[in-house]
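Chemist: Sequence first, predicted model second:
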Amino acid sequence: MTSGGVRASEVVRDVVAELAAEELPVVDGLAALDEEIVARRMGRGRSEQDPLGFGLDEVAVLVTPVVWLSVYEAARQLGDQAAIGAARGVKAVGRKIFRRPAAPAVIPALSHEQLREVRELVLKVAAERGLSERRAETIADAVVVRLTLTAQGGQGRPDADAADAD
């Protein structure tokens, strides 16, 4: 966890590990790429000319795209406001000039209302990806639980919490 929040990539990995551990190689592979590019490529406007290395039919049944898109959208909407606006544009130009990766997306501790918004976002993305309502609710609940643990200062993994208690 970073000061003031949790990296979106940590949330994605923890939720996928809990709900679809078989997808962890996909998450780990995507984590090596620029987060914004991955989110853009997984998004609704994804071009068939710009594949991620697996077909759209396979994406529709995976948990990873739903969690990734939802969590990164939440980070974008609810994250640190200092990274938004003119400073963001200047940073983007600087990254391109110096070939530096974007700073990791961070989600701050969220209010109950913001957690509800994130849950609704997950449900919306899951529906767009063709997941059943039941599966969508399971994913949404796991994301909210992970973010709630962040707000309470936990790392989100019971084994990590138990190790801290020793």
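Modeler: Here it is on my side, so go on.
Chemist: any idea which helix or strand carries the nearest residue to Leu131 once chain neighbours are set aside?
Modeler: Residue nearest to Leu131 in three dimensions, not counting chain neighbours: Val66, with 6.5 Å by CB to CB, 6 or more residues apart in numbering. Heads up, the C-betas are built off the backbone N, CA and C, glycines and all. For Val66, the element it lies in under DSSP states H and E is helix 64-78.
Chemist: Which parts of this structure are strands?
Modeler: 6-7, 106-107 (DSSP state E).
Chemist: Can I get these in CSV including mean neighbour count and mean pLDDT?
Modeler: Converted to CSV, those look like this (neighbours: other CB atoms under 10 Å; pLDDT from 0 to 100):
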stretch, mean neighbour count, mean pLDDT
strand 6-7, 22, 86
strand 106-107, 24, 86
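Chemist: ok, and what's touching the helix ranked longest in the chain?
Modeler: Longest helix of the chain, by residue count under DSSP state H: helix 133-151. Identification of contacts with helix 133-151 by CB atoms under 8 Å, 6 or more residues apart in numbering yields 1, 5-6, 11, 14-15, 18-19, 63, 66-67, 70-71, 74, 107, 109-110, 115, 118-119, 122-123, 126-127, 131, 155-156.
Chemist: wouldn't Val63 be in contact with Glu22 here?
Modeler: No. Contact status for Val63 versus Glu22: not in contact, 9.5 Å apart, counting by CB atoms under 8 Å.
Chemist: Could you list the low-confidence segments of this protein?
Modeler: 1-4, 44-61, 79-102, 151, 153-166 (pLDDT under 70).
Chemist: Which parts of it are helices?
Modeler: 8-19, 24-31, 35-42, 56-61, 64-78, 86-98, 112-128, 133-151, 158-165.
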